[in-house]
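**Student:** Quick one, fold the following:
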Amino acid sequence: MSARRSTRGPRRKRGWAVVGLVLVSFVLIASGIVWRRSRGIAQARELRDLARKRAQLVAERAALEGAVRVAASRARIGPVAEQRLGMRVPADTQVVLIQRPAPRAPTAR
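**Tutor:** Residues are numbered from 1 along each chain as shown. Now for the predicted structure:
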């Protein structure tokens, strides 16, 4: 009987080593998966915040462009130019229209 026990001892140790190795491998793989998912969630949150900020900036840009359009309109510039600078609206005979030259086609070299 003692001969049987001596052959079984190393097998039991090897079996526990395999089980331990499998458990350690499982813990490492599970940790990697949890880390990757938490990183993905953090990046998704950051992307959502950036998209929200971009939408706010686009809305602000549209409001500013509208304000510039209003400030640059003839209805706004005319009275300001007349009051502050002493300018007046020219008569039709004083207006000269200048044509923009037609764009040239690119030449092959």
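**Student:** quick one: least confident helix or strand in this protein?
**Tutor:** Using mean pLDDT, DSSP states H and E, the weakest-scoring helix or strand in the chain turns out to be helix 74-85, at a mean of 86.
**Student:** Just give me the longest helix of the chain.
**Tutor:** helix 2-71 (DSSP state H).
**Student:** for the spatially most central residue of the chain, what are its contacts?
**Tutor:** Nearest to the geometric centre of the chain sits Leu50, at 5.7 Å (Cα atoms, centre = their mean). Contacts for Leu50 (Cβ atoms under 8 Å, 6 or more residues apart in numbering) come out as none. Heads up, the C-betas are built off the backbone N, CA and C, glycines and all.
**Student:** ok, so what distance separates it from Gly15?
**Tutor:** 53 Å (Cβ to Cβ, to the nearest Å).
**Student:** got the CA coordinates for stretch 70-78 in PDB?
**Tutor:** In PDB, the C-alpha atoms belonging to stretch 70-78 read as follows (Å, rounded to 0.1, in the frame of the first residue of the first chain):
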ATOM      1  CA  VAL A  70     -27.900  92.000 -38.000                       C
ATOM      2  CA  ALA A  71     -25.000  94.400 -37.100                       C
ATOM      3  CA  ALA A  72     -23.700  94.400 -40.700                       C
ATOM      4  CA  SER A  73     -27.100  95.000 -42.400                       C
ATOM      5  CA  ARG A  74     -27.800  98.200 -44.300                       C
ATOM      6  CA  ALA A  75     -30.600  99.100 -42.000                       C
ATOM      7  CA  ARG A  76     -28.200  99.200 -39.100                       C
ATOM      8  CA  ILE A  77     -25.100 100.600 -40.800                       C
ATOM      9  CA  GLY A  78     -26.900 103.400 -42.700                       C
END
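**Student:** and that stretch, how far out from the chain's middle?
**Tutor:** Taking Cα atoms, centre = their mean, to the nearest Å, one finds the center of stretch 70-78 at 36 Å from the center of the full chain.
**Student:** Only the buried residues of it, if you could.
**Tutor:** Residues of stretch 70-78 include none that count as buried (16 or more other Cβ atoms under 10 Å).
**Student:** Would you mind listing the outside residues contacting that stretch?
**Tutor:** Looking at what lies outside stretch 70-78 - Cβ under 8 Å, 6+ apart - the contacts are Val89.
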